[in-house]
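Colleague: Have a look; sequence and predicted model below, questions after that.
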Amino acid sequence: MKRRDFLIGTAVAASSSSCSQETQTANGSASKDGLAAQRNAEMADEKIEPAKVFPTDNISPVTYEKTTVVNNLLAPMRDGVGLATDLIRPDAPGAYPVVLMRTPYNKVEAHDNSFLNSLVQRGYIVAIQDCRGRFNSDGVFTPYRNERTDGYDAVEWIAEQSWCDGNVGMEGGSYAGGTQWFAAMDAPPHLKAIMPGVAQWDAFHNEPVLNGCLLLPMLEWMHVMGRRSKQYGSDHEWFNQDRDYFHALPIASGAEAGGSTSEWWEEWMDHPNLDDFWRSRSYSEDWRKIKVPALNITGWWDMGLPSSPGAFLGMRGNSRAPKVAAAQQMIIGPWPHWVNRKRNLNGVDFGEKAIVNLDDYKTRFLDRWLKGKDNGLGDDPRVQIFVLGANEWRSSDEWPLPETAFTPFYFHSKGDANSSNGGGVLSRDTPGGEPSDSFTYDPMNPTGVRWDLRDGPVDDRATAEREDVLCYTTKTLSEPLDVIGPVSCVLFGSSSALDTDWHVRLVDVHPNGEARYLCHGALRARFRNSFEEPELLEPNKIYKFDITMDACGIRFLPGHRIRIEVMSSWFPRYDRNMNSGAPNNFRDANPVVANNRIHHEKAYPSHLILPLVPTKG
């Protein structure tokens, strides 16, 4: 099977990462999620009223002031394993629609989630379930492996209970966003709607692997998760710093280097190529089987960003039911993995509309599909996206936006594009006869870029000063330029090594020199033609590399410049390619220094492709 075209699939942000707690609130208040307990004060620093961006007329009123909790019901799976399930329900008799959250992070920690409790007060039952092998549930936890069948069985078991009126929806973010899609894959009859937030969507093209490059935070996730409960205390700050075991070689030894053992980590390390192992842990190829409306929610800087646009497009284009296809929705805000918490990220203030009435809108979505309320949801725009720079929301029924013009911006230089101090230029002019740009990539001295799961538009100008980073920058803009949609890059590259990596990053260069990160793409060179059947490089031969990047939504303002950065590592976010050409880079400990080149001439026009749309307002 040839390499798939992921331009559409990753027309997208965010994380998801399967790594963080899924309890998200829309008013800036901190939920008691164990994962982010140490960040609660930071996340709650803005006690502001959410902007009423989304229509929320006629949502279910608060009817039940008193609620009650039922702990540790055991939902039987088809193989006899029991999954512990807590209920939060109105303290009144009767059957209600049920909203299910399936989490590996301890169901108890979601009890105080303000959104979930508001649903109970509005006439829903909330069911929170520990995934197989986690906390109070039986069985053995293996990431992604059992979520499809367990999700189906959990939904149908709930629908059979006397306290359920037969309508089941799902809620949650991060790993609990992915569990919703897995549950929907086999179309459980009583699953009526899902609301996946910041979700992982494809195990080989998002996380834990991005087009061959291993996401190193997943190694930290393995250490922290432990066997059944979290190995580290609540004061451990996840995904905000370089860990010693990230430097272990081969990276497969990172479990031992960090003092852990993990059968599933070892199993991952034996699969460096796309195969049935990874396909069974993904849901990005099964859209025709899914029969539910989905409200996809993410942020421009979420690690799982590809999930929301990818799922939205997958369902819109492949669903067998026209009504289901038409019911898909997507929201992308100015947020990292923790959505709708802050208006200010890394010193950039996104204004009064950065925090919105998301909880109320989610209730509106559930009211329509679980209660059958005719609340006008069908008339709402299918896509709501926040445009950075303009600091305004933009709506549409299509993604990419129908007026999008995918426009190439070509690389230029005199062979001196090394670092932001070099002569690399980005423009719409096609190249003529120009010398290539080269840099040395040493796996033992990789390009280091700051990365934190909580980050947004980080100022990475220090990284771009390295000689192993090629920078191509436009002239200063005299007029605003709106770039909204999927971004991609075409590199014509060569290497002295048998294999190497390409990382490309889109950056907004401010008048004061700040270089604010927007989005990223990566490709392990051996996968340029096929992810299933890798092909090593012939040293110094020029190849074409099509690199899918995340989406972005920004108005580049007058006085700003657009920059594309090209490098061969982004450490410690991703593993280092040893360049040796070993069959399995995950188990390779033999670094080879590579001389890598980017070509930009008439025959080899390396370029960035930006989705330009007419500026409004």
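Modeller: Sure, I can see it.

Colleague: Which neighbouring elements make contact with the one helix or strand N596 maps to?
Modeller: N596 belongs to strand 594-601 when elements are defined using DSSP states H and E. Secondary-structure packing of strand 594-601 (3 or more CB pairs under 8 Å, 6 or more residues apart in numbering; DSSP states H and E): strand 405-412, strand 437-441, strand 481-495. (Glycine included, C-beta is placed from N, CA and C.)

Colleague: any chance of those in JSON lines, with mean pLDDT, mean neighbour count and distance to A603 too?
Modeller: Converted to JSON lines, these look like this (pLDDT from 0 to 100; neighbours: other CB atoms under 10 Å; distance: least, CB to CB, whole Å):
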{"stretch": "strand 405-412", "mean pLDDT": "98", "mean neighbour count": "18", "distance to A603": "13"}
{"stretch": "strand 437-441", "mean pLDDT": "98", "mean neighbour count": "21", "distance to A603": "16"}
{"stretch": "strand 481-495", "mean pLDDT": "98", "mean neighbour count": "24", "distance to A603": "8"}
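
Colleague: The strand holding N596 pairs with which strands, and in what direction?
Modeller: strand 437-441 (antiparallel), strand 481-495 (antiparallel), strand 604-605 (antiparallel) (DSSP bridges).

Colleague: can you redo the ones you listed as CSV with distance to T548?
Modeller: Listed next are the strands paired with strand 594-601 as CSV, based on distance: least, CB to CB, whole Å:
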stretch, distance to T548
strand 437-441, 21
strand 481-495, 5
strand 604-605, 18
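
Colleague: So which of those strands is nearest H337?
Modeller: strand 481-495 (19.8 Å; CB to CB).

Colleague: chain center to the closest one, what's the gap?
Modeller: 19 Å (CA atoms, centre = their mean, to the nearest Å).

Colleague: Now do that strand against strand 405-412, angle only.
Modeller: Per axes from the mean of the first three to the mean of the last three CA atoms, to 10 degrees, the angle that strand 481-495 makes with strand 405-412 is 50 degrees.

Colleague: surely I194 meets W181?
Modeller: Yes - counting by CB atoms under 8 Å, I194 does reach W181; the two are 7.2 Å apart.

Colleague: what touches both of those two?
Modeller: A294 (CB atoms under 8 Å, 6 or more residues apart in numbering).

Colleague: R382 is nearest to which of the helices and strands packed on strand 594-601?
Modeller: Among the helices and strands packed on strand 594-601, strand 481-495 sits nearest to R382 (CB to CB), with 14.7 Å.

Colleague: Each with direction, which strands does the following helix or strand past that closest one pair with?
Modeller: Next helix or strand after strand 481-495 toward the C-terminus (DSSP H and E): strand 501-509. The strands beside strand 501-509 in its sheet (DSSP bridges) come out as strand 515-524 (antiparallel), strand 561-567 (antiparallel).

Colleague: Tabulate those in a markdown table, adding columns for mean neighbour count.
Modeller: Listed next are the strands paired with strand 501-509 as a markdown table, based on neighbours: other CB atoms under 10 Å:
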| stretch | mean neighbour count |
| --- | --- |
| strand 515-524 | 24 |
| strand 561-567 | 24 |
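
Colleague: now the strands for the stretch 151-300 of the chain?
Modeller: Applying DSSP state E, counting those that start in this stretch to the stretch 151-300 of the chain gives strands spanning 164-173, 191-197, 209-210, 213-214, 295-299.

Colleague: just so I know, which of these lies nearest N346?
Modeller: Closest among the strands of the stretch 151-300 of the chain, using CB to CB: strand 295-299, at 13.1 Å.

Colleague: quick one on the thing from earlier: format the helices and strands packed on strand 594-601 as JSON lines; extra columns: distance to A294.
Modeller: Listed next are the helices and strands packed on strand 594-601 as JSON lines, based on distance: least, CB to CB, whole Å:
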{"stretch": "strand 405-412", "distance to A294": "26"}
{"stretch": "strand 437-441", "distance to A294": "40"}
{"stretch": "strand 481-495", "distance to A294": "19"}
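
Colleague: For M218, find the nearest of the ones you listed.
Modeller: Judging these by CB to CB, what sits closest to M218 is strand 437-441, at 22.9 Å.

Colleague: Other residues contacting the closest one?
Modeller: Under CB under 8 Å, 6+ apart, the answer for strand 437-441 is 411, 413, 415-418, 424, 447, 467-470, 500, 567-569, 579, 593-598, 600.

Colleague: Tell me the secondary structure at G317.
Modeller: Here G317 is recorded as helix under DSSP: H, G, I helix; E, B strand; the rest coil.

Colleague: Report how many residues lie close to it.
Modeller: Applying other CB atoms under 10 Å, we find 12 residues neighbouring G317.

Colleague: now the one 3 residues further on
Modeller: With neighbours defined by other CB under 10 Å, the count for R320 comes to 11.

Colleague: quick one: pLDDT of it?
Modeller: pLDDT recorded at R320 is 83.

Colleague: Now do the contacts for it.
Modeller: So R320 contacts 288, 291 (CB under 8 Å, 6+ apart).

Colleague: May I have stretch 139-155 exported as CSV, CA atoms only?
Modeller: Coordinates of each C-alpha in stretch 139-155 appear next as CSV, following Å, rounded to 0.1, in the frame of the first residue of the first chain:
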residue,chain,number,x,y,z
GLY,A,139,-8.3,-6.6,33.3
VAL,A,140,-5.0,-5.3,32.0
PHE,A,141,-4.5,-1.8,30.5
THR,A,142,-2.9,-1.7,27.0
PRO,A,143,-3.3,1.8,25.4
TYR,A,144,-5.9,1.9,22.6
ARG,A,145,-6.1,-1.9,22.3
ASN,A,146,-9.5,-2.6,23.9
GLU,A,147,-11.3,0.7,23.7
ARG,A,148,-13.3,-0.3,20.7
THR,A,149,-15.1,-3.3,22.1
ASP,A,150,-15.1,-2.0,25.7
GLY,A,151,-16.7,1.2,24.5
TYR,A,152,-19.4,-0.6,22.6
ASP,A,153,-20.2,-2.9,25.5
ALA,A,154,-20.2,-0.1,28.0
VAL,A,155,-22.7,2.0,26.0
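
Colleague: Many thanks, have a good one.
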